[in-house]
Structure formats: structure tokens, C-alpha cells
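Student: Provide a 3D model corresponding to the input given below.
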Amino acid sequence: MKIGFYGAAMQVTGSKHLLLTESGKRILLDCGLFQGRRKTSGPLNRHWGFEPSTIDCLILSHAHIDHSGLIPKLVKDGFRGKIYCTEATYDLCSIMLPDSAYIQESDAEHENKRRKLADKKPIEPLYNSEDAYASLAYFEKVPYHQMVELYKDVRFTFYENGHLLGSATTVLELDEHGKTRRLTYTSDIGRCKPNMLREPEAFPQSDIIICESTYGNRLHDEDEYTIQDLVQIVRETCVENKGKLIIPAFSVGRTQEIIYALDFLYNAQKLPPIHVYVDSPLSTRSTFIYKQHLDLFNERMQTYLKSDPDPFSFPYLHFIESVEESKKLNTSKDPCIIISASGMMEAGRIRHHVANHIGNAKNTLLIVGYCEPSTLGGKLIAGHKIVKISGIEHKVRARIEYIRTYSGHGDYREIINYLDCQTKSKVEAMILVHGEYAAQLEFKTRLRRLGYKRIEIPEQGDWIDF
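Tutor: Below you'll find the predicted structure:
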């Protein structure tokens, strides 16, 4: 077999790994959109590095756009195979891909206004809404633990990995040269004790492992401080300073985590009587999907559901749909909490909220997930005092807070614990993807000390021949 790396190679977005089997089948693992680094991500999103029509099938690990966001373009450009994923992943993609198409169309429209003034040729969006809906016809839903025979010599099984509703680690079995080899693609690995989802589960002994490394050089804060920190930030910002708490959060996963935390605080009578606004139509729709899949939640959440059957609703919570309502939040002087997408602050309504509130010292911007360093979120985490939003510079006077425990990615200790189900001497190769190079180098050192023999860090476009 050979594996080609066309995304998330020495970076954390654009996941695309192409498996070429001995019999000539071409299987794509994820088909994600490159995000951040606009000068380089644009060309990468438009040029595949391979011919989409030659791909036999796609196995999708989860619905996050950096893993699924180029599926409509893949179909638009000629792919006609099946797209295998879990039921929850399909449900989320059914709303996330059309939403991504809307962003592609809006970005192209905005860019073409600039191009017209500069007398340049207009650009086409990567794909449109029609392309997004058309791609959904190729999806096929697969339960966890059910082996699927793709071809006579290739099978795969999904295992839960705790990263997102419906997310999965993919274990492939390939018959080559008279023997069977296992290739495991971990995709994004969740926390060892997720707030809502079940823990990542052990997977069978594998010969080759493609492993994420987002936090390969970092440890998260201890979980027990998260709720305490959140209450303190709410009180200091909204009660003492009478300001606004702005929480950038991915519409799927992180937003539901925050709503659940606030619901818990409300039931525990620890949440001040402050209005909470979820300002993202996608967040509203994805929260409804979460309510449809309560069976995927962990035992602690199942116990909580017995006393509160709807963990995503409480009296102070409001879901904002219209642009007019969203704009009113920026002009209102009342203390409140605004949860809006996207988490890295690169698109969506959150950019307007940040632009309108970052210059006021009464306000707090609470970052609750990973932000690629070149993004607006990454710059704020790094301590930039002046940031540019839609071409306009803003002084950072608001308080910037970062709670890492809400990340959906395990830190290096959690990833290592997840890999403990493997006998290290039997792992032929460990391939690190989905991480910044510095993090990957540190993680590689740790893995080598633990006894893993061959550890690869592929670059964009590299092929590894096994």
C-alpha cells in the first residue's frame, strides 16, 4: 500500500489522506477544507494534487469542516463513489456543508467587489449551495463496530473517538501479499473524560497508525477548574464590570458544550440572571441535531438527563436567527453572554461581535478551543495588542481569557493514553498529521522514548510506500 498526504500535513486543517491499495483502489480518508493562512489556503483548496474522478470511495471521520468541507467540490469535480460515515456525522454534514457553501459564495462576492475596483477577473466560489446538497446523495451511514467490506481485499470498521458527535477512528484491514495488515486513522482524538460524549475507545492492534498531533507539545488545564473559572469570568464581566462576555465557539461541538455548562450552572443556581444569546443559525440547527442523538452521550450525561431531559435549554437562553437581531446585540448596553461562530474568528457573525466589543475594557473575550496561530483567535491568544478585522485595525482593550479544557482535542498525555491499547513493538509505523510542525517534533520525541520505532512526519504532497 501507499499513502499520500494532501492536507493536515505539518498543519492542522485540510485533512486529506489518500490510500492506494495493492489492487489499485484509491480510498480517500477525509476531505477537509484548509482554513486560516488565507494566502496559502486559497490555492490549496482549489487544487487537489490528485484527480477527484479517480477516487473510488471516501471514508469520513467526522463533520468538522477541516475534515469534510471540500466534499461538495470533490463531487463537483468528478467524484462519484460512496462517502462512508456515521449517522450523526451525516446529520451534521447535512447542515454544515450547505452553510459552508453559503460562506464560499459570500467570500467570493466580497472578493469580487474588490477585484472589480482593481479591474481584475472575478473568481468563482469553491462550490455553491446546489453543489453541497448534491454531494449528500453520495453519503452512506455506517454504525460503529460494523465491519464494511469495501472490496474483496479491503474492509473497515468505525470506533468511537470522543471528539465530536458521531466522530470515529477508522480501522482498515487490507489483504496484501498473502497477509492482512491493519491501518488505523485516528482522525481527531477526543478528551479522556469528555463532558458529554463517550470516551475514545480502544481499537485493534494495528500495523500502521495515522495519528493526529494537534496538542503534541501541550497539556490541558485540569478539568475540575473549568466550571469554577467559567462562573468567575461570568460574574466579573457581566455582574461586576457590567460588560459583555463574548465566546467564539464552533457551531458544532463547542457551542453545545458551553450551553450544557451554563445549563448545569443554572440548575445548580450558580448562574447570575444574565441573558445568554447563541448567535449562529448553524449553532441553532446543530443543537437540534444533538438533541436527536442523546444516546451517544456518556454515562454522566445520561444521569444528568434524568433530572433535566433537555440539557440545551434554560430560561435565560435565546437562539438568534436574523441579522437584525444579531446587530441589536452589538448596540445593546445590557450585560450579556454572546456565543457565536466561528471558533477561530475567521468567519461568521463572531467577527462583528469581536470588532464591536474588543475595544472596551469592561468586556471579556473567552476563547474555548484550539485556534490556528495565523487566525484572529490565534493572534489574540498570542497577546497581540492590535488586530485587523475586515481590513480595519482594532486596539485590544477587552480582557482575553483562554480555557483550554473545552478543547475537543486530547493533549499529548491523553493521546498517548489512547494509544496504550497498542503493543508498540508491533506498530510498523506511526505517521503524525494534523499538527503544527513544532508540536509534531516534540510529540515524535515522546513517542520514540515510549518505544515506537518508526515515526513519520509527512509534508504536503508526500507519499509513503509500505
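
Student: show me what contacts the residue positioned nearest the centre of the chain?
Tutor: Centroid-nearest residue in the chain: His64, 4.2 Å away (criterion: C-alpha atoms, centre = their mean). Counting by C-beta atoms under 8 Å, 6 or more residues apart in numbering, His64 touches Gly32, Leu164, Asp188, Phe250, Val252, Gly253. For every residue, glycine as well, the C-beta is placed using N, CA and C.

Student: please report phi then psi for the fifth one.
Tutor: The reference is to Val252. Per-residue torsions, Val252: phi -110, psi 120 (degrees, to the nearest 10).

Student: could you do Pro311 as well?
Tutor: Main-chain dihedrals, Pro311, degrees, to the nearest 10: phi -80, psi 0.

Student: before we move on, what about the one 3 residues further on?
Tutor: Main-chain dihedrals, Phe314, degrees, to the nearest 10: phi -150, psi 160.

Student: surely it touches Asp263?
Tutor: Yes - counting by C-beta atoms under 8 Å, Phe314 touches Asp263, with 5.0 Å between them.

Student: ok, these two, which is more surrounded?
Tutor: Of the pair Phe314 and Asp263, Asp263 is the one with more neighbours under other C-beta atoms under 10 Å, namely 21 against 17.

Student: hmm, the more buried one is touching Tyr316, no?
Tutor: No - counting by C-beta under 8 Å, Asp263 stays clear of Tyr316, with 9.8 Å between them.

Student: what comes up buried for stretch 363-379?
Tutor: For stretch 363-379, burial by neighbour count (16 or more other C-beta atoms under 10 Å) applies to 363-372, 374-379.

Student: wait, a strand at Ile27?
Tutor: Yes - applying DSSP: H, G, I helix; E, B strand; the rest coil, one finds Ile27 inside a strand.

Student: confidence score at it?
Tutor: Looking at Ile27, its pLDDT is 98.

Student: give me the neighbour count for it.
Tutor: 26.

Student: which positions are bridged to it in the beta structure?
Tutor: On the basis of DSSP bridges, Ile27 is bridged to Leu19, Cys57.

Student: distance of it relative to Asp153?
Tutor: 11 Å (C-beta to C-beta, to the nearest Å).

Student: and for these two, which residues touch both?
Tutor: Contacts common to Ile27 and Asp153, judged by C-beta under 8 Å, 6+ apart, are Thr21.

Student: need the contact list for the nearest residue to Leu265 once chain neighbours are set aside.
Tutor: In this structure, Leu265 finds its nearest non-sequential neighbour in Leu271, 4.0 Å apart by C-beta to C-beta, 6 or more residues apart in numbering. Leu271 makes contacts with Val231, Val234, Leu262, Leu265, Phe314, Tyr316, as judged by C-beta under 8 Å, 6+ apart.

Student: repeat the analysis, applying 10 Å as the threshold.
Tutor: Leu230, Val231, Val234, Arg235, Ala261, Leu262, Asp263, Phe264, Leu265, Phe314, Tyr316, Ile337 (C-beta atoms under 10 Å, 6 or more residues apart in numbering).

Student: grab the nearest non-local neighbour of the second one.
Tutor: Closest residue to Val231 in three dimensions, ignoring its sequence neighbours and counting by C-beta to C-beta, 6+ apart: Lys270, at 5.6 Å.

Student: residue contacts, the one you found?
Tutor: Per C-beta under 10 Å, 6+ apart, neighbours of Lys270: Ile227, Gln228, Leu230, Val231, Val234, Arg235, Leu262, Phe264.

Student: pLDDT wise, what is it at?
Tutor: 94.

Student: inside helices: which ones of the buried residues of stretch 363-379?
Tutor: When DSSP state H defines the helices, the subset of the buried residues of stretch 363-379 inside them is Leu376, Gly377, Gly378, Lys379.

Student: wait, the last one touches Leu365, no?
Tutor: No - using C-beta atoms under 10 Å, Lys379 is not in contact with Leu365, being 11.8 Å away.

Student: could you break this structure into its assigned domains?
Tutor: The chain breaks down by automatic domain parsing into domains covering 2-218+410-465, 223-406.

Student: could you tell me the least trusted of those?
Tutor: domain 223-406 - the lowest mean pLDDT of the domains of the chain, at a mean of 93.

Student: and that one, how far out from the chain middle?
Tutor: 16 Å (C-alpha atoms, centre = their mean, to the nearest Å).

Student: then stretch 156-164?
Tutor: 14 Å.

Student: ends of that stretch, how far apart?
Tutor: 20 Å (C-alpha to C-alpha, to the nearest Å).

Student: now swap in stretch 19-28 and tell me
Tutor: Per C-alpha to C-alpha, the first residue of stretch 19-28 is 6 Å away from its last.

Student: return the set of buried residues in it.
Tutor: Leu19, Thr21, Lys25, Arg26, Ile27, Leu28.

Student: what is the longest helix along the chain packed up against?
Tutor: Counting by DSSP H, the longest helix found in the chain is helix 87-117. On a contact count with 3 or more C-beta pairs under 10 Å, 6 or more residues apart in numbering; DSSP states H and E, helix 87-117 meets helix 38-46, helix 65-68, helix 71-76, strand 82-85, helix 129-135, strand 139-141, helix 281-292.

Student: 8 Å instead, please
Tutor: Counting contacts by 3 or more C-beta pairs under 8 Å, 6 or more residues apart in numbering; DSSP states H and E, helix 87-117 packs against helix 65-68, helix 71-76, helix 129-135, strand 139-141, helix 281-292.

Student: how much space between Tyr102 and Glu393?
Tutor: 28 Å.

Student: quick one, helices of the stretch 101-250 of the chain?
Tutor: 129-135, 226-234 (DSSP state H, counting those that start in this stretch).

Student: give me the distance between the shortest one and the centre of its chain.
Tutor: Taking C-alpha atoms, centre = their mean, one finds helix 129-135 lying 21 Å from the centre of the chain it belongs to.

Student: likewise stretch 454-466?
Tutor: With C-alpha atoms, centre = their mean, you get 23 Å for stretch 454-466.

Student: and that stretch, which residues are buried?
Tutor: Across stretch 454-466, burial judged by 16+ other C-beta under 10 Å covers Ile455, Glu456, Ile457, Pro458, Gln460, Ile464.

Student: isn't Ala249 right up against Ala341?
Tutor: Yes - the pair Ala249 / Ala341 is scored as a contact, 6.5 Å apart, by C-beta under 8 Å.

Student: what sits in contact with each of the two?
Tutor: Common neighbours of Ala249 and Ala341 (C-beta under 8 Å, 6+ apart) are Thr255, Ser283.

Student: ok so, going back, could I get the ones in helices among the buried residues of stretch 363-379 in TSV, plus columns for distance to Asp131?
Tutor: Shown next, in TSV, are these (distance: C-beta to C-beta, whole Å):
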residue	distance to Asp131
Leu376	28
Gly377	28
Gly378	30
Lys379	32
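
Student: quick revisit: for Gly36, which of the helices and strands packed on helix 87-117 is the nearest?
Tutor: Gly36 lies closest, by C-beta to C-beta, to one member of the helices and strands packed on helix 87-117: helix 65-68, at 9.4 Å.
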